[in-house]
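[1] Structure for the following, please:
(2 chains)
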Amino acid sequence: MLLARLEPAHVSGRSIMSAALRPIETALSRGGCEDFLYEEAAMLDEWRLDDWIALFAKGATYEVPAAGAADDVSAAKALFYIADDYHRLCQRVERLKKDAAHSEFPHSDGLRLISNVRILGNVDGGTSIGCAFVTYRSKNDVTDIFFGHHRYVLRHIDGAIRIVSKRTLLDMSSLRPQGRVSIIL
Amino acid sequence: MGFETPRSNAGTPWVREDRDNHRFKVARQAFTDKEVLALERRAIFDRCWIYVGHESEIPNANDFLTRSVAGRDIVFNRDRTGKVHAFFNICPHRGATVVREKRGNALGFQCFYHGWAFSNTGTFATRIANGNYPEDFGQDKCTDLTAVPRLENYRGLYFLNLDCDAMSLADYLGDAKKYLDVVMDQTETGMEIVGGTQEYSIRANWKLLVENSFDGYHAATTHSTYFDYLTSTVGSMTQPFTGSNQSRAIDLGNGHALVEYPAPWGRPIAQWIPAWGDAVKAELDAKFARLAKLYGEDRAHQIAHLNRNIVIFPNLVINDIMALTVRTFFPDEPGFMTVNAWAMAPKDETADLRKWRLYNFLEFLGPGGFATPDDVEALESCQRAYRNHEQAGWNDISKGMMKAVPATDDEEQMRCFWRGWNRRMSQAAAS
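    Now for the predicted structure:
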């Protein structure tokens, strides 16, 4: 198995090349995963959605089950907030780039904090990664907080880490008062 | 059908209808004022039939769930014989919340505060040592859970009424029953709520969501990005959305109304789109053939191919569109509502079609859909802008008033709601 490690990104300012897109050299370490996840968060904070969608492998999925759902809940049987296959995920990005995506026009301000990163083990298609998150979304003088944990399957494809699946589990009892998941968490 | 509606400025000060000159105005104060909300609670939420839940959410004997309904905390459950009950979730002793789980299965409930316990029929079931209370204590039922005054169902949809003297649910629903039948007749095996609830909130007045839930006029502008997506998914927009002769708004009386119309999206009952594949096509063809055999081609077409957005006054929405959603909402404040939304489906649906139904639901509906968040943005922007109501005081809901047959993208369905609202509010204000 090809293992790789990411170079830490020497960041100042918000417009450097993504560390995640650099060639993978060695092991998929926790530090490497952290770099990758921090870069992903920065892309979303900065509304670099084309960079963000490029992190996903073809055929990847992105899901947000209903608040409080179990980690292994199935979108084929339960009602989620978001259950995107790759086609719809790409369409989600295309939609969010339009001024007519009214909920995010003008773009909300946001900040994503990632912590408690763990390598959970190998699964079909790649390596399972878990982390905790807190995401702030601010618009029209109202700030909403989303918190929970992400479950990723990451994989090396052509020398770079790619997301095979991302599942965002909200550790909240309901979506009140946030009301919507119009940003990507 | 419908009620006698004032021809001009009678009723409340918040609704102005001028039928002769085709003008319909609603005061923005009706969305912002605390006294209006207090009167709504008295005139509407304490008097109308209010949706609680669907029988499939508590499928087995002894199942229970808890939820907030019309500002009350309710236990909705079945007893050991399967009979359905609804209780106020408050201990008769000192008022603690008795059932604190969202759902479960239990023969009885015990209040954690002092340990009073109740069977799932609501009867007090605690032995207290002699000498503490008089011997006849509790014979007046003061130790039992308090049942809601009225609980009735239509085709598995359970409603409560806080007014003991209210008309029956069947009479209250009136002509709406006919369209609930159109929704429920899509299978003979019964309908069920699919796993999970979307519990969210909107920083806007509840009546804004009533209007929005069957507003055909806003679709093209508010949801242009959804239609872009739909074009990418179904190919071209081959079917008319509005302006079709099958597109119409219908007054169902009592403040209920609906819009019915063809649309280009896939419908799991039973309008196939290529993305669903050949196996699903065969299943949908078979479904349509069965409906045609049971009900004839016309009704089968209505059930399978036409969409309908139904509002049951005051706050139940059943939208039979690219998926089937049941949605209800309650005002916490003039500018804040809580929303519960569910997906409903035929019990006999195959796993494959169920998967596509849920996939389809999420393409438009709910907090992460390609449309609902933009509705939420619109509603919240209205609520913010209503701060200007003292100088810019009136919403216009006149579109299509001159037409003999109003279309989906007219505003007749909203006028039906507002007439029902106005009538009930003016009666309560006068009493």
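
[2] Name the nearest residue to residue B:223, ignoring sequence neighbours.
    In space, and not counting its chain neighbours, residue B:223 is closest to residue B:371: 4.8 Å by CB to CB, 6 or more residues apart in numbering or on different chains. Quick note: C-beta positions are derived from backbone N, CA and C, even for glycine.

[3] And the contacts of the host helix or strand of residue B:302?
    Assigned by DSSP states H and E, residue B:302 belongs to helix B:297-305. Contact with helix B:297-305 is made by B:182, B:185-186, B:260, B:262, B:267, B:269-271, B:287-288, B:291-292, B:294-295, as judged by CB atoms under 8 Å, 6 or more residues apart in numbering or on different chains.

[4] Flag whichever of the residues you listed scores worst on pLDDT.
    Across the contacts of helix B:297-305, the member with the lowest pLDDT is residue B:270, scoring 88.

[5] ok, now which ones touch the residue nearest to residue A:89 when sequence neighbours are not counted?
    Excluding its sequence neighbours, the residue lying closest to residue A:89 (CB to CB, 6+ apart) is residue A:62, at 4.9 Å. When contacts are counted by CB under 8 Å, 6+ apart, residue A:62 touches A:56, A:82, A:84, A:89, A:92, A:165, A:166, A:167, A:168, A:184.

[6] what about 10 Å?
    By CB atoms under 10 Å, 6 or more residues apart in numbering or on different chains, the contact list for residue A:62 reads A:53, A:56, A:82-86, A:88-89, A:92-93, A:163, A:165-168, A:184-185, B:368.

[7] Could you list which of those belong to strands?
    A:56, A:82, A:83, A:84, A:163, A:165, A:166, A:167, A:168 (DSSP state E).

[8] which parts of the biggest helix by length in chain A are buried?
    Secondary structure of chain A read by DSSP state H shows that its longest helix is helix A:30-45. Neighbour counts over helix A:30-45 (16 or more other CB atoms under 10 Å in any protein chain shown) mark A:32-45 as buried.

[9] Pop out the phi and psi values for residue B:180.
    phi -60, psi -40 (degrees, to the nearest 10).

[10] Centre of chain B to the edge, which residue is at the far end?
    The C-alpha centroid of chain B is most remote from residue B:131, which lies 49.7 Å away (CA atoms, centre = their mean).

[11] Now that residue: phi and psi?
    phi 100, psi -10.

[12] related to what we said a few turns ago, now compare the contacts of helix B:297-305 and name the two farthest from each other.
    B:262 and B:294 (21.4 Å; CB to CB).

[13] more crowded one of these two?
    residue B:262 (18 against 12; other CB atoms under 10 Å in any protein chain shown).

[14] Please identify the buried residues of stretch B:154-170?
    By 16+ other CB under 10 Å, the buried positions in stretch B:154-170 come out as B:154, B:156, B:157, B:158, B:159, B:160, B:161, B:162, B:166, B:169.

[15] now, which of the residues you listed lie within helices?
    residue B:169.

[16] near chain A too, which of the buried residues of stretch B:154-170?
    Near chain A, judged by CB under 10 Å from any CB of the partner chain, there are no entries from the buried residues of stretch B:154-170.

[17] Reformat the buried residues of stretch B:154-170 into CSV and put pLDDT next to each item.
    Listed next are those as CSV, based on pLDDT from 0 to 100:
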residue, pLDDT
B:154, 98
B:156, 97
B:157, 98
B:158, 98
B:159, 98
B:160, 98
B:161, 98
B:162, 98
B:166, 97
B:169, 98
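
[18] Quick check: the farthest pair among the buried residues of stretch B:154-170?
    Distance extremes for these: the farthest pair is B:156 and B:162 at 21.5 Å, using CB to CB.

[19] the strands in chain A, which residues?
    A:56-65, A:80-84, A:109-123, A:126-139, A:142-157, A:160-170.

[20] nearest to residue B:26, of those?
    strand A:142-157 (25.5 Å).

[21] The closest one close to chain B?
    Yes: shown here: strand A:142-157 in contact with chain B (CB under 10 Å from any CB) through residue A:142.

[22] Quick check, residue B:358 in contact with residue B:198.
    No: using CB atoms under 10 Å, residue B:358 is not in contact with residue B:198, being 11.8 Å away.

[23] anything in contact with each of those two?
    Shared contacts of residue B:358 and residue B:198, counting by CB under 10 Å, 6+ apart, come down to A:79, A:80, B:343.

[24] For residue B:387, which non-adjacent residue is closest in space?
    Residue B:387's closest residue in space is residue B:32 (CB to CB, 6+ apart), at 7.8 Å.

[25] Test for you: state the pLDDT assigned to the one you found.
    pLDDT, read off for residue B:32, is 98.

[26] before we move on, what about residue A:41?
    pLDDT at residue A:41 comes out at 98.

[27] Now do the same contact list for it.
    A:52, A:110, A:111, A:112, A:113, A:114, A:131, A:133, A:135.

[28] near chain B, from these?
    Okay, of the contacts of residue A:41, nothing touches chain B (CB under 10 Å from any CB).

[29] just curious, which of the residues you listed is nearest to chain B?
    residue A:135 (13.6 Å; CB to the nearest CB).

[30] picking that back up, tell me the one among the buried residues of helix A:30-45 nearest to chain B.
    After measuring the buried residues of helix A:30-45 against chain B - CB to the nearest CB - the closest member comes out as residue A:44, at 14.8 Å.

[31] and the gap between residue B:80 and residue B:286?
    In this view, residue B:80 and residue B:286 are 39 Å apart by CB to CB, to the nearest Å.

[32] List the residue ranges of the stretch 251-400 of chain B that fall below the pLDDT cut-off.
    Along the stretch 251-400 of chain B, no part satisfies pLDDT under 70.

[33] need the strands for it, in chain order.
    Along the stretch 251-400 of chain B, the stretches classed as strands by DSSP state E, counting those that start in this stretch are B:256-261, B:307-312, B:316-320, B:324-333, B:336-346, B:394-396.

[34] Please convert the buried members of the contacts of residue A:41 into ChimeraX selection syntax.
    Buried members of these, defined by 16+ other CB under 10 Å, are picked up in ChimeraX with:
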select /A:52,110,112,114,131,133,135
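
[35] Mind putting the contacts of residue A:41 into CSV with pLDDT and distance to residue B:347?
    Formatted as CSV, those follow (pLDDT from 0 to 100; distance: CB to CB, whole Å):
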residue, pLDDT, distance to residue B:347
A:52, 98, 40
A:110, 97, 41
A:111, 98, 45
A:112, 98, 41
A:113, 98, 43
A:114, 98, 42
A:131, 98, 39
A:133, 98, 37
A:135, 98, 38
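
[36] okay, now residue B:233: neighbour count?
    Residue B:233 has 18 neighbours, counted by other CB under 10 Å.

[37] Can you get me the centre-to-centre distance for stretch A:128-148 and its chain?
    Between the centre of stretch A:128-148 and the centre of its chain there are 11 Å (CA atoms, centre = their mean, to the nearest Å).

[38] got it, and stretch B:132-146?
    That offset, for stretch B:132-146, works out to 37 Å (CA atoms, centre = their mean).
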